[in-house]
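1. Show me how the following folds:
(2 chains)
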Amino acid sequence: MSIAYGNRTSSNQNPGGSSQTLSVNCSSGADNGLFVVVTMTSTTNFSSATYDGVPMTLVSNNSYGVLSQRQASFWLSNPSTGTNTFKVNFTGNQWNSTSIHARSFTGISSSAPTQISDGLSNTPHSKNITTSSGGVIYLSGIGDNSQSFGYVINGSTRTNEFTHNVNKILEGAWSDLNLPAGSITCITKSDFGQITNNRWSFSEAVSTPTRRRIITV
Amino acid sequence: MKTIISKIELGDNILKYTDVGYTTDVDLINQINEGYDSSLGIFLGGNRTKLELGTLSIGDFFTNTSFINEARIQVDSVEDTGLTEITKISQL
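-> Next comes the predicted model:
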């Protein structure tokens, strides 16, 4: 079954407390899933996240020390559909604006995405991640400087989803649907200087063939 | 994409957010966020360390202000939210 992109939600607000909530709409359909990335100043850490009260799986929690940033990602297979509350908990109060980007899917594998993170490197920052046939990729970059150019995934220049101020500049981009299997090049770009490269690879749901036993009497 | 407008009030010594509507008007979004940036944004930016150390309370900002609005959530869908479209700042 092919992956289809569902609804997106992006927030750039100051939690002003030890947790943050956001209304997130999950699209309905077979084999649905919800992916959320939260980025913030590393004055505190992530402890957990829930959607509609259901604990989400922590996929990654990367610290970028030079940038004083943390970026965590969470995954939930078969989430409640419609608009429900995403809640992320911190280990202490966070008084800096965070970035939250959520995307729902249908036709996606129940397994959490694979993720690879690389810290600062000169722009354009090119790295690879492996996808399976029909997969999709999310690519995120954090840096000190403006990001006026779309990221490039599998040779395609993307329209970045947002520009968020997390005391640094953060952007993110989704790939085209139906990527080929293999190693895919993912390039983050800032106008000058250095930028991180954090990428996630998602696989499509595997169709289980129906087995029939024929009994001849 | 639609932009959600949030109402920010004082909670239990934390910020309390409530979604109050949505808009697609870029001028309205800028007007709301300029209001936030020039008030609560400046307070948070200038007092972050004191807030983290607990030597200043977020309640100090709300002594003379009951609430502030912000428009920094973008969504594909407002289905099930019950939110209505805001077209003028006077509706807030």
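
2. Go ahead and confirm A:T44 touches A:T91.
-> Yes: counting by CB atoms under 8 Å, A:T44 touches A:T91, with 5.3 Å between them. For glycine as for every other residue, the C-beta is placed from the backbone atoms N, C-alpha and C.

3. between these two, what contacts are shared?
-> A:S18 (CB atoms under 8 Å, 6 or more residues apart in numbering or on different chains).

4. Run through chain A and note the low-pLDDT ranges.
-> Within chain A, the segments meeting pLDDT under 70 span A:208-211.

5. now with 90?
-> A:1, A:206-217 (pLDDT under 90).

6. Same question for chain B.
-> The model of chain B has pLDDT under 90 over residues B:13, B:64, B:79-80.

7. Chain A contacts on that one?
-> By CB under 8 Å from any CB of the partner chain, the residues of chain B that approach chain A are B:1, B:4, B:6, B:8, B:11, B:14-15, B:17, B:19, B:40, B:44, B:48, B:51-52, B:58, B:70, B:72-81.

8. Just the closest residue of chain B to chain A, please.
-> Of all residues in chain B, B:L15 sits closest to chain A, at 2.8 Å by CB to the nearest CB.

9. pretty sure that residue contacts A:G16?
-> Yes: the pair B:L15 / A:G16 is scored as a contact, 2.8 Å apart, by CB under 8 Å.

10. where do the contact lists of these two overlap?
-> B:I8, B:I58.

11. I figured B:V20 hits B:N69, correct?
-> Yes: between B:V20 and B:N69 there is a contact under CB under 8 Å: 7.4 Å.

12. about what we covered before: out of the residues of chain B next to chain A, which are inside strands?
-> B:I4, B:S6, B:I8, B:L15, B:Y17, B:D19, B:E70, B:R72, B:I73, B:Q74, B:V75 (DSSP state E).

13. Now, of the residues you listed, which are buried?
-> Burial by neighbour count, 16 or more other CB atoms under 10 Å in any protein chain shown: within these this picks out B:I4, B:S6, B:I8, B:L15, B:Y17, B:D19, B:E70, B:R72, B:I73, B:Q74, B:V75.

14. Format those residues as CSV; extra columns: distance to A:E161.
-> Formatted as CSV, those follow (distance: CB to CB, whole Å):
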residue, distance to A:E161
B:I4, 16
B:S6, 20
B:I8, 24
B:L15, 25
B:Y17, 21
B:D19, 20
B:E70, 19
B:R72, 14
B:I73, 13
B:Q74, 9
B:V75, 12
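
15. coming back round to it: A:T44 and A:T91: which is more packed in?
-> Taking neighbours as other CB atoms under 10 Å in any protein chain shown, A:T44 and A:T91 compare with A:T44 leading, 18 against 11.

16. Number of residues surrounding the residue lying closest to that one once chain neighbours are set aside?
-> Distance criterion CB to CB, 6 or more residues apart in numbering or on different chains; nearest residue to A:T44, sequence neighbours excluded, is A:G92 at 4.1 Å. Neighbour count for A:G92, taken as other CB under 10 Å: 12.

17. so who does A:G92 touch?
-> Neighbouring residues of A:G92 by CB under 8 Å, 6+ apart: A:S18, A:T43, A:T44, A:N45, B:E52.

18. Most proximal residue of chain A with respect to chain B?
-> A:G16 (2.8 Å).

19. For chain A, what lies in contact range of chain B?
-> Proximity of chain A to chain B is confined to A:7-18, A:21-23, A:25, A:43, A:82-83, A:92-93, A:95-96, A:162 under the rule CB under 8 Å from any CB.
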